[in-house]
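Undergrad: coords please:
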Amino acid sequence: MYNPAQMRKLRILLAEVIGLGLLIGWLMWKYPELVDDIIPWVALLVVWHFTWEFVLDTRAVRRVAISVQRQLAPMLAWILVFFIGGTISCLYWAGINKSLSRLASVGAQRVEGKKSRIQQQSPARKIAPEDEAGLGPESGMTDSISTMVSPATPKGGAMIGDFQTSGRGEYEVDTFHVAPEELSFTPPGTVLQRDKLPAKVLVSEHNLTILRFTDNGFVVDDNGWRNLRIRVAH
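TA: Have a look, this model is predicted:
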């Protein structure tokens, strides 16, 4: 025996739970990049289904529809139905898009608020004065590095090279034309070995970085500090 209440529950189960779940799951699996564009249409389908189930498919609305249909010509009745349905659809569509935009705005505000709280809770990283960057090279400065080398004397001693930083950042300094394994930098009087690089040296309260030794000298990063004179002993 036909039971309208049970049929309504069955339609809701099939349309709202099973059918809609399968549709959204398939769309997210097949076209994940289009989900944001499709969600408003899915929401429109849902609200129209609820409108049909709980508003239009009621005895009161059916009685009113039958009464109006008897008073109007069939063509005018259909025009009226399309006009009312279109108006409701437009109102639903505007409300859905406004609600989704509001949700997106609230979500963005929460994300920004969370980022702000994290930034406030996290202490700002302080840069030590010796690690601050310099002004860089002077205008018109060339890429050449001025070096002077004093060879070892017959009585012994070390070859000593002298160079001045240019402020260009990272570059190679050719001093001894031999591959060093160990070099002494003055200031600050630090001895560096090939297998201990890269390493920092403090010159006039500014940190420079010796990155690696080469076949002719070494590669330095002067961190933008220029006109720092350093003596290197091999």
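Undergrad: After the lowest-mean-pLDDT helix or strand in the chain, which helix or strand is next? Please name it.
TA: When each helix and strand of the chain is scored by mean pLDDT, DSSP states H and E, strand 147-150 comes last, with a mean of 52. Counting by DSSP states H and E, the next helix or strand C-terminal to strand 147-150 is strand 160-166.
Undergrad: Note down every partner strand of that following strand and its orientation.
TA: Applying DSSP bridges to the sheet, strand 160-166 is found paired with strand 147-150 (antiparallel), strand 226-233 (antiparallel).
Undergrad: List the buried residues of the longest one.
TA: Yep, that's strand 226-233 we're talking about. Neighbour counts over strand 226-233 (16 or more other CB atoms under 10 Å) mark Arg226, Leu228, Ile230, Val232, Ala233 as buried. C-beta: built from backbone N, CA, C; applies to glycine.
Undergrad: between those, which is nearest Ile88?
TA: Arg226 (74.0 Å; CB to CB).
Undergrad: is it true that the closest one touches Tyr171?
TA: No. Counting by CB atoms under 8 Å, Arg226 stays clear of Tyr171, with 11.8 Å between them.
Undergrad: what is Val232 paired to in the beta sheet?
TA: Here Val232, judged by DSSP bridges, has bridge partners Gly161, Phe185.
Undergrad: can you map out the strands along the chain?
TA: In order along the chain, the chain carries the following strands (DSSP state E): 147-150, 160-166, 170-174, 182-186, 190-193, 199-203, 206-213, 217-221, 226-233.
Undergrad: For Phe82, find the nearest of these.
TA: Nearest to Phe82, of the strands of the chain and by CB to CB, is strand 170-174 at 73.2 Å.
Undergrad: what's in contact with that closest one?
TA: 143, 145, 147, 161, 163, 211, 214, 216-222, 232 (CB atoms under 8 Å, 6 or more residues apart in numbering).
Undergrad: Please convert the buried members of those residues into ChimeraX selection syntax.
TA: In ChimeraX, this line selects whichever of those come out buried by 16+ other CB under 10 Å:
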select :145,161,163,211,217,218,219,220,221,222,232
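Undergrad: where's the dip in pLDDT among the contacts of strand 170-174?
TA: Among these, Asp143 has the lowest pLDDT, at 43.
Undergrad: quick one: Thr51 from Ser67, how far?
TA: 20 Å (CB to CB, to the nearest Å).
Undergrad: ok, the two, which is more surrounded?
TA: Taking neighbours as other CB atoms under 10 Å, Thr51 and Ser67 compare with Thr51 leading, 15 against 10.
Undergrad: Noted, bye for now.
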